[in-house]
Structures are given as structure tokens and as C-alpha cells.
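**Student:** fold the following.
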Amino acid sequence: ANPSKSRLSYLLTIYLPYWIKTSVLYKLFGKTVTTWIIQNIGNRLLSLFYLVMVLGSWSVIFFYTYPWIDEASAASSENSHTISQNHKYIGYVVFLACTISWYVASQSSPGVITSDNIEVYNVYPYDGLMFVEGRICPTTNILKLARSKYDRYTSQHISKFDHYCGWIQNPV
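**Tutor:** Below you'll find the predicted structure:
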């Protein structure tokens with residue numbers, strides 16, 4: 001929603017963060033420490049929130065749901081309509097796949113374009129509308145390749161840039 005048109009959006013995206021910063025954090029830590037916290041820790045809070053939610057959810061499944069599967073499997077000799085132990089193993093595989101894919105996505109290079117590697121990423125055709133051949137990125141002073149954009153969060157020029165993902169702390 002557009003904060004200039006929606007009062008709720010303005011409250012949640014502009015006023016509330018500003019109020020927390022100035023009325024709470026400045027009083028608790030001072031302006032210098034608060035600025036450091038926001039710049040160095042604040043951008044990691046979304047990843048931390050993701051990990052707490054995912055690991056918390058899986059721990060509930062592992063510690064509270066899986067014992068029911070064990071009980072159901074024990075009763076399977078009497079009744080053939082019970083849950084198989086395979087459900088547990090599939091859950092472990094899904095958990096590992098989620099965790100590993102998040103880690104790989106957060107650690108992978110998004111395709112940073114520098115003057116040294118610009119030829120490697122110069123493979124897409126220019127459309128003549130959004131991407132015009134011969135333009136120079138005003139921030140990095142390198143050739144602006146087709147489908148590439150400057151990422152203000154990482155201060156790098158990224159090939160096939162779509163957005164900066166706060167969940168993985170990496171451009172996508």
C-alpha cells in the first residue's frame with residue numbers, strides 16, 4: 001500500500017518505525033548506538049525472525065507430532081489405516097531441504113558485476129526501452145548491462161537483479 005494514500009500503511013511503515021527509533025531506542029541507547037544497531041543489526045532481524053519461525057515450527061513438529069506417529073505405528077499391526085513411519089523420514093528430508101536451500105541462497109553470489117568480470121555477464125540482449133546499450137551506471141561507473149541494476153542495499157551492480165531479499169540478506 002502507498003503510505004501517502006493509506007493511513008494504516010503510513011502508520012505501520014513510516015510513523016511507527018520513526019516513533020520506535022526516536023522515542024524508545026534513542027532514549028535507551030542514545031543516537032550513536034541506535035544508528036549503529038539499525039545499520040549493523042537491524043538488517044539481520046528479518047533473517048533471525050525467519051530462523052526463529054522455521055526452527056520453532058519444526059521443533060514443534062519434531063517434539064510434539066512425531067511421538068504421535070510412533071504411537072500410530074505401534075498400533076499399525078492391529079489396524080492398517082494408520083500413519084507410516086515414512087512420514088517422519090519425509091519430514092526430516094523436507095526440514096533439511098528447507099534449511100540447506102535457505103543457507104545456500106543466503107551465501108550464493110547474486111552475480112556482482114565489476115569491471116573485471118563484465119564480459120562474463122554481457123550475454124543478454126538489450127531491449128532498447130529499459131536497457132539501452134552504452135549506458136554507464138552513475139554509481140559504479142561501469143557499463144550498465146541488459147537486465148542488470150544497481151542494488152542500494154549491497155552497493156553493488158547485480159546481473160539479472162530483481163529485488164533485495166531481506167529473508168536471505170542477498171539480492172535476487
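**Student:** rest of the way, CA atoms for contacts and neighbours
**Tutor:** Will do.
**Student:** just the residues contacting the worst-scoring helix or strand of the chain on mean pLDDT, thanks.
**Tutor:** Lowest on mean pLDDT, DSSP states H and E among the helices and strands of the chain sits helix 66-74, with a mean of 78. Helix 66-74 has contacts (C-alpha atoms under 8 Å, 6 or more residues apart in numbering) with 82-85, 87-88.
**Student:** same list (those residues) but as JSON lines, adding secondary structure.
**Tutor:** Shown next, in JSON lines, are those (DSSP: H, G, I helix; E, B strand; the rest coil):
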{"residue": "82", "secondary structure": "coil"}
{"residue": "83", "secondary structure": "coil"}
{"residue": "84", "secondary structure": "coil"}
{"residue": "85", "secondary structure": "coil"}
{"residue": "87", "secondary structure": "helix"}
{"residue": "88", "secondary structure": "helix"}
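**Student:** buried ones among those residues?
**Tutor:** Among the contacts of helix 66-74, those classed as buried by 16 or more other C-alpha atoms under 10 Å are 83, 88.
**Student:** of the contacts of helix 66-74, which is the nearest to residue 170?
**Tutor:** Top of the list for closeness to residue 170, among these and by C-alpha to C-alpha, is residue 88 at 32.0 Å.
**Student:** so where's this structure shaky on pLDDT?
**Tutor:** 42-43, 73-82 (pLDDT under 70).
**Student:** hey, where'd the strands end up in it?
**Tutor:** 112-113, 148-151, 156-159, 164-165, 170-171 (DSSP state E).
**Student:** can I get the ones you listed in JSON lines with distance to residue 27?
**Tutor:** Output for the strands of the chain, formatted as JSON lines (distance: least, C-alpha to C-alpha, whole Å):
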{"stretch": "strand 112-113", "distance to residue 27": "39"}
{"stretch": "strand 148-151", "distance to residue 27": "32"}
{"stretch": "strand 156-159", "distance to residue 27": "34"}
{"stretch": "strand 164-165", "distance to residue 27": "31"}
{"stretch": "strand 170-171", "distance to residue 27": "32"}
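**Student:** and of those, who's closest to residue 2?
**Tutor:** Using C-alpha to C-alpha, these put strand 164-165 closest to residue 2, at 19.3 Å.
**Student:** how near is residue 112 to residue 163?
**Tutor:** Residue 112 sits 14 Å away from residue 163, going by C-alpha to C-alpha, to the nearest Å.
**Student:** more neighbours: which of these two?
**Tutor:** When residue 112 and residue 163 are compared for neighbours, residue 112 comes out ahead with 19 against 13, by other C-alpha atoms under 10 Å.
**Student:** report the contact partners of the more buried one.
**Tutor:** 156-159.
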